[in-house]
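Q: Build me a model from this:
(4 chains)
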4 protein chains.
Amino acid sequence: MKKVGIVGVTGAVGQEFVISLDKHPWFQVTQIAASEKSAGKTYPEAIRDPNTHVLKWQVGGEVPDYVKNMIVRSVDEIKPEELDLLFSAVESEAARDIETRFAKDIPVISTSSAYRYEPDVPILIPGINDEHAALLETQKKNRGWKGFVAPLPNCTTTGLVITLKPLYEKYGAKKVIMTSMQAISGAGRTPGVSAMDVIDNIIPYIPKEENKVRIETKKILGKLKDGKIEPADIRVSCTCTRVPVIDGHTESVFVETTSDCTPEDAKKTYEEYNKGSTVKGFPSAPENYYVVHDDPTRPQPRMEREVGGGMTTTIGRMEKEELFDHGLKYMLFSHNKKMGSAKGAVLLAEMLYKKGII
Amino acid sequence: MKKVGIVGVTGAVGQEFVISLDKHPWFQVTQIAASEKSAGKTYPEAIRDPNTHVLKWQVGGEVPDYVKNMIVRSVDEIKPEELDLLFSAVESEAARDIETRFAKDIPVISTSSAYRYEPDVPILIPGINDEHAALLETQKKNRGWKGFVAPLPNCTTTGLVITLKPLYEKYGAKKVIMTSMQAISGAGRTPGVSAMDVIDNIIPYIPKEENKVRIETKKILGKLKDGKIEPADIRVSCTCTRVPVIDGHTESVFVETTSDCTPEDAKKTYEEYNKGSTVKGFPSAPENYYVVHDDPTRPQPRMEREVGGGMTTTIGRMEKEELFDHGLKYMLFSHNKKMGSAKGAVLLAEMLYKKGII
Amino acid sequence: MKKVGIVGVTGAVGQEFVISLDKHPWFQVTQIAASEKSAGKTYPEAIRDPNTHVLKWQVGGEVPDYVKNMIVRSVDEIKPEELDLLFSAVESEAARDIETRFAKDIPVISTSSAYRYEPDVPILIPGINDEHAALLETQKKNRGWKGFVAPLPNCTTTGLVITLKPLYEKYGAKKVIMTSMQAISGAGRTPGVSAMDVIDNIIPYIPKEENKVRIETKKILGKLKDGKIEPADIRVSCTCTRVPVIDGHTESVFVETTSDCTPEDAKKTYEEYNKGSTVKGFPSAPENYYVVHDDPTRPQPRMEREVGGGMTTTIGRMEKEELFDHGLKYMLFSHNKKMGSAKGAVLLAEMLYKKGII
Amino acid sequence: MKKVGIVGVTGAVGQEFVISLDKHPWFQVTQIAASEKSAGKTYPEAIRDPNTHVLKWQVGGEVPDYVKNMIVRSVDEIKPEELDLLFSAVESEAARDIETRFAKDIPVISTSSAYRYEPDVPILIPGINDEHAALLETQKKNRGWKGFVAPLPNCTTTGLVITLKPLYEKYGAKKVIMTSMQAISGAGRTPGVSAMDVIDNIIPYIPKEENKVRIETKKILGKLKDGKIEPADIRVSCTCTRVPVIDGHTESVFVETTSDCTPEDAKKTYEEYNKGSTVKGFPSAPENYYVVHDDPTRPQPRMEREVGGGMTTTIGRMEKEELFDHGLKYMLFSHNKKMGSAKGAVLLAEMLYKKGII
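A: Residues are numbered from 1 along each chain as shown, chains lettered A, B, ... in the order given. Got it, this is the predicted structure:
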């Protein structure tokens, strides 16, 4: 049993870590930390809103028993020497300092963007670019660390890259145009998106999001060579919007492939990927990494959210894109709080553990 | 033209004041103020969210021209000597200090609860208990002020008392049981209710709200005698909830009257009140103070919001309440941002102005 | 293994039956039926909207495997001689005819109101008035049937009576005033509530609902004596509304008890009921029949829905009601599609099976 | 004063016609018609739901006085000889027959797709392709009609073409990729989109919509030459989705222009169009045909809906599209019930009236 800690445990992402690690067969949560104002409280008290008294707990069910009596520490009170691994769910500016501090001693798996764009840091999606994990060794050497920082991508990048990878590898991809319809849970919870702003509305702008998607997509699809990642030669454009959906990002994708790829080819390719999935059977992995629907009314956030425990990427509306010489258009659904965030980070930890890197 | 100021001008209530005073025939806004961090900015810049860049402006239409170039002052920079009247939309703890400071010199009309429960302070609903305004003179004497503080009730009290008053006066009322379904705009905007908390949900608790309704209802329906208000002898119980409705509070009311009052009696009584309304023809007053529907599907927030410019109180589902010896049950709709807040405060100012009190 | 059929299997309630009976340890679905236009189709095709192509399946997850290849029959094609029990989810006028036809031969458990108000028909809530099941024997004799009709109450009655029963039994109850905030799923799905009518809105009226609650509450709390049920001597008034919540009814309750009952007394009483629950351990029963929260922000539909598989009734905001000599006020949550409908019907079948009545 | 009729007056679009023609300075509604089951009823009774008793009236305000006592006719009872113009809001299959019947005698302006794709029928957007109105003369000759059918485009096409036209004309356009987020009101009201299907959800498919957008865009941007329209040489691809927004379509657009066009060029071009608008000053025309925002958080449906009485097209997020040699990306908002439907049809009538065609 590996001993793991969670920093940023009271926020939206931290709560998902708490759920994702409940009864985990390989990892045991032994330390949890958040900001000073939470320190010293039990976990339930730390997540209660002082003004409204609302327990700021994720939708659905109860706080797991294992954290009910755990005391939240300040970050300074975390003892890395008693941990095998730290999950960082810190959303603030402080993420970089915190992750740096702990990576000196132990592996840090992070959902923040603090380290994503460093040359010796891979952005990892388990099942997609596992081979980039080799860069972690370079990182340790470069920095003289005993641990490392391994970040996930932005949750909007996750679904896009997962659906592009099989096509990119087999048919090539030159251009991608994407419009996202992102869930409000992606904006966190304190304060998150105000109900006044998003009910019966669309917010057509998410600061910095589009640039993240562009850069991260090219990096994740890139090649690791001589200790660095050469970004994929693919042009990505996107518009990111916020819609009144609680959980799960939907993306409308148009892709120009290098060689011809029919919708049937694409479906077959996803099926092959399902069969050969590198994360198959891992505790947090879904039964099907991809589900492709012929039903034109799928994917729908409310219908896909629970599929594969939120770890399946759902694809629908797969059609030939006549605008390009070769191309496809499709819709995808990816659960921003599960595969795109904490539970995806746990799956990443599982992958690194199986590779012996943790 | 009376010169008026607004403090707390950037918040949700402050914005409603800005709209309610646009092109007002009697009042001209000459000074606006908010917290230190807004001071010195133009009004539009002061209401822009620094992180998301969202202009935190009320739904619908544009910021009125007259404030587009006005500079927001700090509260300390307000010059009462150049004002005839101050509207206070301060929602924070600071309300009491601010209102006290200015009431020494000028009339202050407030949407906050800071002064509501003082014995020499009436809680005024224009058109309902105008005679309580006489207490303002007592207040001035008591405190040695040149001005006064005249607060509105809580927005949930407003609709309840407006619908009770005619019944209470004519038939008496012994017990009132009410359940509210309150709009999210009632919780303000920064941060207000998180979308994560209220979409597809009900929050069954609004801190302190129920007690406010109980106390304020008795005070407003009370009698002013010998310089003080004797609370009405009526027992009020309520449960206040938050629902995913943007604007406008709905309340389900059960009332035990002292003498028999049929639904037809009640309707006739409201009609008489409409005809004799003391605020009839005022700039902010609606054509009909009350609208009573026979259609059982009314009131509905989305259908009533615009009626009478948000200043009409809508009643429906009026039926005999068999549970009591004499009684009625009904549903009411009252616009929390209009009659229940800033625009109601402007109507109050109009009433006091016409009475020569301002 | 008892062989069971479902009529009305394509509607909203029918779909809940399909889910509730998936992998059931005691009951096996062997026949399913719906209207003529569905007959002959596989189940998935029968629930697909012909115009929009949307699969009209309940939110969440997939159609269970066991019905994927079952052929929907017309009602005439149902063979009662091959069934031990029929679940009726028929929502239309046809319910009475259909239930009558089959009750001649086999037990029929119904979610419709067709038979609820007949003197020899009990309205049963498993765990609440199990002793009324004895009336089914009278019914069979009266009508010369081999089977019987056993209806559930209206889903809004369910939560109210479940929370009243322990109080009524121990402390007496004279008056109940309730306002409901009902989920849109309660209105079914074809066409159900139009999104245009309910988003950002409240509909203050549900035809016939309030009268159902009044009559059913008195009947279920009544005493079975000499082959008939004497309604409870309790006066019930309510206002029923529809709110933009997907699943689960919330009710605000004010109750005048006969003898004094503090909130603590009430909580203790519910705990005792939990321990002695007559349905404890049944396949569809929740671990806790009641959950009572001290947290004033509970119950909330999004947080309670999954608790106890939708079969737990959640109570919160329990306070003394000062308006009455003795009384309480509280909020309750009851899942209208689970305990209040099909899954509740399955729990009823389990109870009757254990009693040897099926 | 021209005498006008409305067929399909009880549906969602018909109701918008009723509002759009209230107090119109040029047109007087003298005859209204709907299906047989509405015939003979007053307008308010004809739009009441027989089951729920809900008045199926558009959100906001009241039914205009002028129709309150008008009797709805059957289509057969419409007397064309007493009309100058007929508005057709028929949404069903019957549209073609009905429009054909009346076009023999009088001009018919239609929101249906029945005639859109005929070679001698222009698809008209007033202010965009007014010169195509000349084709109506050809149509009359071809068919030997005294009247004609003049259809609007699909409401999703409307916003796209309005924003493309100035760019297309000045800079050329080769490829357009668009993802729409369409309001639920676009699906009509009886039954329209079920609340169960769209709350907290996205439906990624609207039958036939994408093909309509593709064909109509090319036709409207085409050239009228020798009595027929040559479609524009532009390749259009789109994905159309339904989102939980009540009114107003939002579209995310990526366009490859023929020559270089910077965001500043685009803004200037829209301003010029505003100044030279052919519909300027018409009763239903907005003050600004286009509004372009620099604020990246615009357009937002709740903030744009009321702008220009729903007749302004709002553009935001205008940026250079690096994916193409020359190109732009932007978001647009167009009110599907106003400019995209009945009120747009009224504006079209105004344009044709001013040209002397009606």
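Q: Can you name the next helix or strand after the particular helix or strand that has residue A:176 in it?
A: Assigned by DSSP states H and E, residue A:176 belongs to strand A:173-182. Tracing the chain C-terminally past strand A:173-182 and defining elements by DSSP H and E, one meets helix A:195-198 next.
Q: Which strands or helices does that next one pack on?
A: helix B:195-198 (3 or more C-beta pairs under 8 Å, 6 or more residues apart in numbering or on different chains; DSSP states H and E). (C-beta placed from N, C-alpha, C; glycine too.)
Q: quick one: the following helix or strand past the helix it packs on near chain A?
A: Moving toward the C-terminus from helix B:195-198, the first helix or strand encountered (DSSP H and E) is helix B:209-220. No. Contact between helix B:209-220 and chain A is absent, the nearest approach being 11.2 Å (criterion: C-beta under 8 Å from any C-beta of the partner chain).
Q: Going by neighbour count, list what's buried in helix B:209-220.
A: Judged by neighbour count using 16 or more other C-beta atoms under 10 Å in any protein chain shown, the buried positions of helix B:209-220 are B:209-210, B:212-220.
Q: hang on, the earlier thing: partner strands of the strand holding residue A:176, parallel or antiparallel?
A: Based on DSSP bridges, the pairing partners of strand A:173-182 within the sheet are strand A:235-242 (parallel), strand A:249-257 (antiparallel).
Q: Can you give the contact residues for the shortest one?
A: Judged by C-beta atoms under 8 Å, 6 or more residues apart in numbering or on different chains, the contacts made with strand A:235-242 from elsewhere in the structure are A:156, A:160, A:174-182, A:184, A:186-187, A:193, A:198, A:202-206, A:209-210, A:213-214, A:217-218, D:181, D:250, D:252, D:254, D:317, D:321-323, D:329, D:331.
Q: I'd like to know which helix or strand in chain A has the lowest mean pLDDT.
A: helix A:195-198 (a mean of 88; mean pLDDT, DSSP states H and E).
Q: what's the offset of it from the middle of its chain?
A: 25 Å (C-alpha atoms, centre = their mean, to the nearest Å).
Q: same thing with stretch A:301-310?
A: Stretch A:301-310 sits 15 Å away from the centroid of its parent chain (C-alpha atoms, centre = their mean).
Q: Quick check: end-to-end length of that stretch?
A: For stretch A:301-310, the first-to-last residue distance is 11 Å (C-alpha to C-alpha, to the nearest Å).
Q: quick check: mean pLDDT across it?
A: Looking at stretch A:301-310 alone, the average pLDDT works out to 93.
Q: which residues sit against that stretch?
A: By C-beta under 8 Å, 6+ apart, the list of residues contacting stretch A:301-310 reads A:183, A:245-248, A:250, A:284, A:286-289, A:291, A:298, A:312, A:314, A:333, A:335, A:337-339, A:343, C:57, C:59-62, D:200-202.
Q: who does the closest residue to chain D within the stretch 101-250 of chain A bridge with?
A: With C-beta to the nearest C-beta, the shortest gap between the stretch 101-250 of chain A and chain D falls at residue A:179, namely 3.9 Å. Here residue A:179 sits in beta bridges with residue A:239, residue A:252, going by DSSP bridges.
Q: List phi and psi for residue A:41.
A: For residue A:41, the backbone dihedrals (degrees, to the nearest 10) come out as phi -90, psi 160.
Q: Spatially nearest residue to it (excluding sequence neighbours)?
A: Sequence neighbours aside, residue A:72 is the residue nearest to residue A:41 in space, at 5.6 Å (criterion: C-beta to C-beta, 6 or more residues apart in numbering or on different chains).
Q: and what of residue A:177?
A: Closest residue in space to residue A:177, ignoring its immediate chain neighbours: residue A:254 at 4.5 Å, by C-beta to C-beta, 6+ apart.
Q: Might you report the residue contacts of that neighbour?
A: By C-beta under 8 Å, 6+ apart, the contact set of residue A:254 is A:176-178, A:321, A:323-324, A:327-329, D:177, D:237, D:239.
Q: can you list those in CSV and add pLDDT?
A: Rendered in CSV, the data for those read as follows (pLDDT from 0 to 100):
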residue, pLDDT
A:176, 98
A:177, 98
A:178, 98
A:321, 97
A:323, 94
A:324, 95
A:327, 97
A:328, 98
A:329, 98
D:177, 98
D:237, 98
D:239, 98
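Q: The contacts of stretch A:301-310, buried ones only, as a ChimeraX selection?
A: For the buried members of these, the matching ChimeraX selection, counting by 16+ other C-beta under 10 Å, is:
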select /A:183,245,246,247,248,250,284,286,288,289,291,298,312,314,333,335,337,338,339,343 /C:57,59 /D:200,201,202
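Q: Now, the contacts of stretch A:301-310 that are in strands?
A: In strands, defined here by DSSP state E, the members of the contacts of stretch A:301-310 are A:250, A:291, A:314, A:333.
Q: For these, work out which two are farthest apart.
A: Pairwise distances across those peak at 14.3 Å for A:250 and A:291 (criterion: C-beta to C-beta).
Q: will you turn the buried residues of helix B:209-220 into a markdown table that also has distance to chain C and pLDDT?
A: Listed next are those as a markdown table, based on distance: C-beta to the nearest C-beta, whole Å; pLDDT from 0 to 100:
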| residue | distance to chain C | pLDDT |
| --- | --- | --- |
| B:209 | 11 | 95 |
| B:210 | 9 | 97 |
| B:212 | 16 | 97 |
| B:213 | 13 | 98 |
| B:214 | 9 | 98 |
| B:215 | 13 | 98 |
| B:216 | 17 | 98 |
| B:217 | 13 | 98 |
| B:218 | 13 | 98 |
| B:219 | 17 | 98 |
| B:220 | 19 | 98 |
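Q: No more questions from me, cheers.
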